[in-house]
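Peer 1: predicted model and sequence follow; I will ask about them next.
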Amino acid sequence: MSKKIFLLIFFVFFLTNCEAKQLTNNVVVSIDNSIITELDINKELNFLKFINKNLIINSSETLKKETINSLIDRKIKEIETNYFKIEVSDKEIERNLYDYLERMKINNEILNSFYNQNEIEKDFLKNIIKIDMKWSKLIRQMYESRLNVNLTEVNRELEKKDAEDDQKLKNELITTEQNKLLNKFSATHLEKSKKKYLIKFLWKDLL
């Protein structure tokens, strides 16, 4: 093989790889100074398929749109919690990560194998959990004074269960009602937060 032909083949191979990488890293959404790329979307979709074996990714454009919206929400949560300097301890994150993997029946070996096969960073899930924990902490701090539960409704539920004096069950019902309120405040606050940032969709073919 002549030197010129070899160089030509190498040049074509180099360009092809560069184009593939460029395609993978195209910016799909910008949120002020933060971005979401095609690579982020692919990681998220692969992870969804990993934890839900029945999920069929390639057949649903709706799923892609939902994934992009989910990534936008997570990015907003990350920006907001960083702005308010919300922190959670590594110990809390590790405990929540462990509990999540237990619920999903996934061990570290399976998780790391998934990361390696899909070229995903090892702290991918850990970062997701961290952001969710920080956001939950922020919402609780902001709306703590508004978590008043209607005890009349709680007592009615206790009567239905024939456990009027069961303090443990009563506390559980109160916690459940508070969590419903927190979820409501979380959704409202997230929508309000979105209006603070300039969100641009830059690659409409994916939407």
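Peer 2: Cool, the structure landed. Numbers count the residues shown, from 1 in each chain.
Peer 1: and the longest helix for the protein?
Peer 2: helix 167-194 (DSSP state H).
Peer 1: in terms of secondary structure, what does the helix or strand following that one contact?
Peer 2: Next along the chain after helix 167-194, taking DSSP states H and E as the criterion, comes strand 199-201. Using 3 or more C-beta pairs under 8 Å, 6 or more residues apart in numbering; DSSP states H and E, the elements in contact with strand 199-201 are strand 27-31. Where you see a C-beta, it was placed from the backbone N, CA and C, and this is true even at glycine.
Peer 1: what packs against whichever helix or strand comes after the strand it packs on?
Peer 2: Remark: after strand 27-31, the chain's next helix or strand is strand 34-37, criterion DSSP H and E. With contacts taken as 3+ C-beta pairs under 8 Å, 6+ apart, strand 34-37 sits against strand 27-31, helix 61-83.
Peer 1: any idea which helix or strand in the protein has the lowest mean pLDDT?
Peer 2: Within the chain, no helix or strand scores below helix 3-24, which has a mean of 42 by mean pLDDT, DSSP states H and E.
Peer 1: what residue ranges in this protein are flagged as low confidence?
Peer 2: Within the chain, the stretches with pLDDT under 70 are 1-24, 55-59, 162-165, 204-207.
Peer 1: one more time with 50
Peer 2: 3-23 (pLDDT under 50).
Peer 1: quick one on the thing from earlier: which of the residues in the longest helix of the chain are buried?
Peer 2: Buried residues in helix 167-194, counted by 16 or more other C-beta atoms under 10 Å: Lys170, Leu173, Glu177, Gln178, Leu182, Phe185, Ser186, His189, Leu190, Ser193.
Peer 1: by how many degrees do that helix and strand 27-31 diverge?
Peer 2: 100 degrees (axes from the mean of the first three to the mean of the last three C-alpha atoms, to 10 degrees).
Peer 1: helix 167-194 packs against which elements?
Peer 2: Against helix 167-194 (3+ C-beta pairs under 8 Å, 6+ apart) you get helix 61-83, helix 124-143, helix 151-160.
Peer 1: can you lay out these as TSV showing mean neighbour count and distance to Glu102?
Peer 2: Below are the helices and strands packed on helix 167-194 laid out as TSV (neighbours: other C-beta atoms under 10 Å; distance: least, C-beta to C-beta, whole Å):
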stretch	mean neighbour count	distance to Glu102
helix 61-83	17	23
helix 124-143	18	13
helix 151-160	12	29
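Peer 1: lovely, talk soon.
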